[in-house]
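Visitor: The following comprises the amino acid sequence and a computationally predicted model.
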Amino acid sequence: MARVVAAHEDPNPLVAGRGLARLREAGIETACGLLQREAEALNPGFMQRMRTGRPFVRCKLAMSLDGRTAMANGESRWITGSAARADVQRWRARSSAIMTGIGTILADDPSLNVRLEGIGDRQPLRIILDPRLSTPVEARILTLPGKVVIVTACDDAAQRTALESRGAEVLWLPQGGDAIDLGALMAELAQRQVNEILLETGATLSGAVLRAGLIDELLIYMAPKLMGSGARPLFRTPGLEQISDAIDLEVIDLRWGGAGPTLTLVGK
């Protein structure tokens with residue numbers, strides 16, 4: 001007798017369990033649940049989007065041994081080495097979207113693309129959170145293959161037209177004042193079938209996404225160097241004043257590569 005073993009049912013409510021049911025109706029023995037946790041870990045973005053209606057957000061950060069991401073003047077190249085940068089390329093390649101903030105765009109003018117052999121024009125969606133619509137029309141990210149979405153709370157028609165003429169999509173999602181509605185953004189990206197987001201940004205935006213409870217996993221590359229108490233921190237998290245306010249995390253993976261360890265953490 002034929003037998004089909006599945007690790008888990010498809011979490012999509014439109015199809016969940018139907019395939020196994022049809023097999024059973026045809027007289028084929030089925031089993032479900034073997035290594036389910038391990039199988040789901042292979043595709044966390046899709047699983048989460050189907051179950052919660054928002055993408056899986058992985059925040060990538062590089063820091064010194066004393067938890068600093070840049071010097072006080074903003075200098076940050078390079079905290080880690082070539083091995084860490086190569087690993088980031090692989091994380092970018094598996095992501096549906098790469099997200100950053102306007103501060104990173106203005107300070108570093110990054111490409112935020114995948115530079116692996118064979119990728120070509122098949123780039124992840126690149127998302128810029130730009131509350132005041134300050135992205136320069138000559139920004140490098142707008143000159144490269146792949147789609148760019150600029151999310152803003154500013155209704156500046158002239159700047160919007162200028163950026164759209166450069167190929168960007170401008171998405172207006174105000175929460176009030178200059179703030180972007182992060183929850184609405186996640187819902188919109190889920191509707192666009194974005195499964196995994198790699199957040200590559202500075203302390204301000206990473207802190208805002210963390211405080212909103214939208215970071216699912218931290219990927220931290222740690223360099224064996226000290227940058228001093230005046231350097232910039234991993235997150236800007238005002239309001240954490242007592243031990244009871246601390247955000248508890250759990251290390252789920254620790255790898256040693258290049259010049260230092262890579263930590264993967266999730267919330268407890």
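Guide: Perfect, I can see it now.
Visitor: Please report phi then psi for residue 41.
Guide: phi -70, psi -20 (degrees, to the nearest 10).
Visitor: continuing past the stretch of helix or strand residue 99 belongs to, what's the next helix or strand?
Guide: For residue 99, the host element (DSSP states H and E) is strand 97-101. Per DSSP H and E, strand 97-101 leads on to helix 102-108 as the next helix or strand towards the C-terminus.
Visitor: Tell me the helices and strands packed up against the helix or strand following that following helix.
Guide: Where DSSP H and E defines the elements, the next helix or strand beyond helix 102-108 is strand 125-129. Of the remaining helices and strands, those touching strand 125-129 by 3 or more CB pairs under 8 Å, 6 or more residues apart in numbering; DSSP states H and E are strand 97-101, helix 102-108, strand 148-152. (Each C-beta comes from the backbone N, C-alpha and C, glycine too.)
Visitor: Does residue 93 belong to a helix, a strand or coil?
Guide: helix (DSSP: H, G, I helix; E, B strand; the rest coil).
Visitor: And it, how far from residue 204?
Guide: Per CB to CB, to the nearest Å, residue 93 is found 27 Å from residue 204.
Visitor: could the helices and strands packed on strand 125-129 go into TSV alongside mean neighbour count?
Guide: Putting the helices and strands packed on strand 125-129 into TSV (neighbours: other CB atoms under 10 Å) gives the following:
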stretch	mean neighbour count
strand 97-101	25
helix 102-108	18
strand 148-152	24
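Visitor: between the ones you listed, which gets nearest to residue 247?
Guide: Nearest to residue 247, of all the helices and strands packed on strand 125-129, is strand 97-101, at 20.0 Å by CB to CB.
Visitor: just the angle between the closest one and strand 148-152, please?
Guide: 40 degrees (axes from the mean of the first three to the mean of the last three CA atoms, to 10 degrees).
Visitor: Other residues contacting strand 97-101?
Guide: 55, 57, 92, 110, 112, 124-130, 189, 194, 196-202, 204-205 (CB atoms under 8 Å, 6 or more residues apart in numbering).
Visitor: so which helix or strand takes in the closest residue to residue 101 other than its chain neighbours?
Guide: Excluding the flanking residues, the one nearest residue 101 by CB to CB, 6 or more residues apart in numbering is residue 205, at 3.6 Å. Element membership for residue 205 (DSSP H and E) is helix 203-211.
Visitor: name the helices or strands packed onto that helix?
Guide: By 3+ CB pairs under 8 Å, 6+ apart, helix 203-211 packs against strand 56-64, strand 97-101, helix 102-108, strand 196-199.
Visitor: Would you mind giving those as a markdown table with distance to residue 257 and mean pLDDT added?
Guide: Formatted as a markdown table, the helices and strands packed on helix 203-211 follow (distance: least, CB to CB, whole Å; pLDDT from 0 to 100):
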| stretch | distance to residue 257 | mean pLDDT |
| --- | --- | --- |
| strand 56-64 | 13 | 94 |
| strand 97-101 | 21 | 98 |
| helix 102-108 | 24 | 93 |
| strand 196-199 | 18 | 98 |
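Visitor: And those: which comes nearest residue 265?
Guide: strand 56-64 (9.6 Å).
Visitor: Could I get the CA-only coordinates of that closest one as CSV?
Guide: Output of strand 56-64 as CSV, limited to C-alpha atoms (Å, rounded to 0.1, in the frame of the first residue of the first chain):
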residue,chain,number,x,y,z
PHE,A,56,8.8,37.4,9.6
VAL,A,57,11.3,40.2,10.4
ARG,A,58,15.0,39.4,10.9
CYS,A,59,17.1,42.3,12.2
LYS,A,60,20.7,42.1,11.1
LEU,A,61,23.3,44.1,13.2
ALA,A,62,27.0,44.3,13.4
MET,A,63,28.5,45.3,16.8
SER,A,64,31.6,45.6,18.8
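Visitor: List the contacts of it.
Guide: With CB under 8 Å, 6+ apart as the criterion, strand 56-64 contacts 44-45, 47-49, 69, 76, 79-80, 84, 88, 91, 95, 99, 186, 195-200, 206, 209-210, 214-223, 225-227, 231, 234.
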